[in-house]
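A.B. asks: coords please:
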Amino acid sequence: MPNEIKNAERIMDSDPDSALHILQHMHTNSMMLSSSDRAFYGLLYFQALDKNKLTLQPDSLINYSLNYYQHSNDRSRLALCYFYKARIYKNAQEYDQATELYLKALDNNQDKKNFTMLGEIYADMGYICFLQDEYKDSREKYQLAADCFNRGGKFVDASYKLLDIGRTYYAEKKYKTAQQYFRKALLQTKDSILCGAAFQEIGVNYYYAKQYDSAQYYLRKSMQSPSTGFNYAIRCYTLADLYYNIEKFDSAYLYASVALKHPSNFYTRRECYRILANTEYLKGDFKQMAYFMTHFQSFTDSIRRIESQTKTTVLENVHNTSQAAGKTKQYLLLLGWILPIIILISFLLVYRLRYRNKGKEQELQQVEQKLSQNRSLLNEKQSLLKSGLIQKIEEAKSLQASVYKISTPAQREAIDKELYNNCLHINDWSKFSSLMNHTFNNLINFLENKYPDITHKEITWCCFFLLDIPTPKVLLLLDYKQDSLYKMKQRLVQKMNLKSAIEIDNMLKEITEGK
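C.D. replies: The predicted model follows:
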């Protein structure tokens, strides 16, 4: 390995700016490196860019490193490649693709001792969940990030995650709980940047709680502290919105204009243009108002595109399901090799017993009976393995096809129940409702809130309908007969104040489509 790469790796944590300078100096000669050195060079280069909070470019470098380590046995470096590639997508607001790569980075982090990388992955995923209004999942990710940072000795970074957790609470209008986390972060460190961020969040929390005097005090206090990232723009925007609400329109206009001059995300910029457009409208300057409204609409369209992306919780559930299915396939392949060997050994044993004990027919029958029992146990084990798959319903069905064909009707019912329960967690209402809420636009929460008399069984039927589960399977899973199912649907019509069962179908589809 060239000395430049060795030196950059050695000082990466202590002097990332110097490491970046070394790597940039040898950038023009990087094409002359061996494949392994070039791959490691690209990984270190992106690591240095990230530590210096610079734009992660060019992506051709990390793509080469990622492709190389995908075909090597160094999964730790492969995990880092997935992580930095994910950050490229995160910075481009392509959160679904970023999430998939973060999950792959977690899968390939074998030793689980790179606490800094783990903390940053969980923090990024928590941020994405927060933007997607998945506040509970966001808190869980932020807490994991804080734990990793503490274990890695990054105590200031862990304190920042307390601020992020508090932010999820004021987003849910739990202002007192949010305040506790902000105060706790303040007590843990004297870092001036973190203190400024904490004052900022306390001010924003008071603003959302409509305690404007306290909000002004802490927001102004935060502006006296140094800031990083989008924080300064957030402080100015919040003050602008506050002044607009208390009808100090000149101050609102001023702070919104200042916020736009600093780095900020789509949401902040959109809201600043809203304030500017509204103040121009009040002034009667409709031409300038139209100019700001154009920008407001542009950022609104961008945000809608972001919100239309698949949520992190759904992608994570699909990823975990695929991982479990892959492991089960490996077990089945292994069983496919072992079973013929066991059967062959069984036949050899029978042959030797017959040859050596021709006159002992009764003993031979007992041996055959034991062998038959062994085969039954093996078949049952294979059935359990196949029915244990938690992949998508259709994939699970295909894996069970061979056992399903040779089973009795009673066994088929048992297999179907086990199959659907493994895929949908039917017997665990908490997991089932969480999965259905993520899949069908919070369908279960909607039905439980709007129709308090509706039962779990009726809600389960609604989900089965949306999943297009055949009626015979529905009858089996709900333990209904055809006439019982008809009566249940009629009761559901009355509870929902509808005229017919057809309206139930239309209403469920409208809920899932967000109409």
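A.B. asks: Can you name every helix or strand that the helix or strand hosting Arg274 contacts?
C.D. replies: Arg274 belongs to helix 266-283 when assigned by DSSP states H and E. In terms of contacts (3 or more Cβ pairs under 8 Å, 6 or more residues apart in numbering; DSSP states H and E), helix 266-283 is packed against helix 231-245, helix 249-260, helix 286-307. Backbone N, C-alpha and C define where each C-beta goes, glycine included.
A.B. asks: Tabulate those (CSV), appending mean pLDDT, mean neighbour count and distance to Ile504.
C.D. replies: Conversion of those to CSV gives the following (pLDDT from 0 to 100; neighbours: other Cβ atoms under 10 Å; distance: least, Cβ to Cβ, whole Å):
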stretch, mean pLDDT, mean neighbour count, distance to Ile504
helix 231-245, 93, 23, 42
helix 249-260, 94, 19, 47
helix 286-307, 85, 15, 28
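A.B. asks: Of all the residues in the helix holding Arg274, which ones are buried?
C.D. replies: 266-280 (16 or more other Cβ atoms under 10 Å).
A.B. asks: gap between it and the chain center?
C.D. replies: 32 Å (Cα atoms, centre = their mean, to the nearest Å).
A.B. asks: Identify all contacting residues around that helix.
C.D. replies: Residues from elsewhere that reach helix 266-283 (Cβ atoms under 8 Å, 6 or more residues apart in numbering): 93, 230, 233-234, 237, 240-241, 244, 249, 252-253, 256-257, 259-260, 264, 286, 288-289, 292-293, 295-296, 299-300, 302-303, 306.
A.B. asks: got it, and stretch 3-12?
C.D. replies: 18-19, 22-23, 25-26, 37, 40-41, 44, 47-48, 51.
A.B. asks: Now with 10 Å, please.
C.D. replies: 1-2, 15-26, 29-30, 33, 37-38, 40-41, 43-45, 47-48, 51 (Cβ atoms under 10 Å, 6 or more residues apart in numbering).
A.B. asks: same check, this time on stretch 165-183
C.D. replies: With Cβ under 10 Å, 6+ apart as the test, stretch 165-183 has contacts from 126-127, 129-130, 133-143, 145-146, 159, 161-164, 184-185, 197-211, 218.
A.B. asks: just the buried members of these?
C.D. replies: Counted by 16+ other Cβ under 10 Å, the contacts of stretch 165-183 give 126-127, 129-130, 134-135, 137-143, 145-146, 159, 161-164, 185, 197-207, 209, 218 as buried.
A.B. asks: what's the following helix or strand after the one helix or strand in the chain whose mean pLDDT sits lowest?
C.D. replies: Of all helical and strand segments in the chain, the minimum by mean pLDDT, DSSP states H and E falls on helix 361-387, at a mean of 50. Downstream of helix 361-387, the first helix or strand assigned by DSSP H and E is helix 393-399.
A.B. asks: Local confidence estimate at Lys329?
C.D. replies: We have a pLDDT of 60 for Lys329.
A.B. asks: Oops, could you answer that again for Val493 instead?
C.D. replies: pLDDT, Val493: 85.
A.B. asks: correct me, but it touches Lys499?
C.D. replies: Yes - contact criterion Cβ atoms under 10 Å: Val493 and Lys499 qualify, at 7.4 Å.
A.B. asks: Look at the two and report which has more neighbours.
C.D. replies: Val493 (16 against 7; other Cβ atoms under 10 Å).
A.B. asks: what's the spacing between the closest residue to Gln70 other than its chain neighbours and Glu503?
C.D. replies: The spatial neighbour of Gln70 that comes closest, neighbours along the chain excluded (Cβ to Cβ, 6 or more residues apart in numbering), is Leu78 at 6.4 Å. Leu78 sits 52 Å away from Glu503, going by Cβ to Cβ, to the nearest Å.
A.B. asks: Which one's more surrounded, the two?
C.D. replies: Legend: neighbour count by other Cβ under 10 Å for Leu78 and Glu503, higher for Leu78 (24 against 13).
A.B. asks: Next up, the contacts around that one.
C.D. replies: Leu78 touches 43, 65-66, 68-72, 104-105, 107-110, counting by Cβ under 10 Å, 6+ apart.
A.B. asks: These in helices, which ones?
C.D. replies: The helices, defined by DSSP state H, take in 43, 65-66, 68-70, 104-105, 107-108 from those.
A.B. asks: which one of these is nearest Asn441?
C.D. replies: Lys104 (27.0 Å; Cβ to Cβ).
A.B. asks: Next, count neighbours for the closest one.
C.D. replies: 19.
A.B. asks: what do you get for Lys405?
C.D. replies: Lys405 - counted by other Cβ under 10 Å - has 8 other residues nearby.
A.B. asks: For PyMOL, write the select line for the buried members of the ones in helices among the contacts of Leu78.
C.D. replies: PyMOL command restricting the ones in helices among the contacts of Leu78 to the buried ones, with burial defined by 16+ other Cβ under 10 Å:
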select buried, resi 43+65+66+68+69+104+105+108
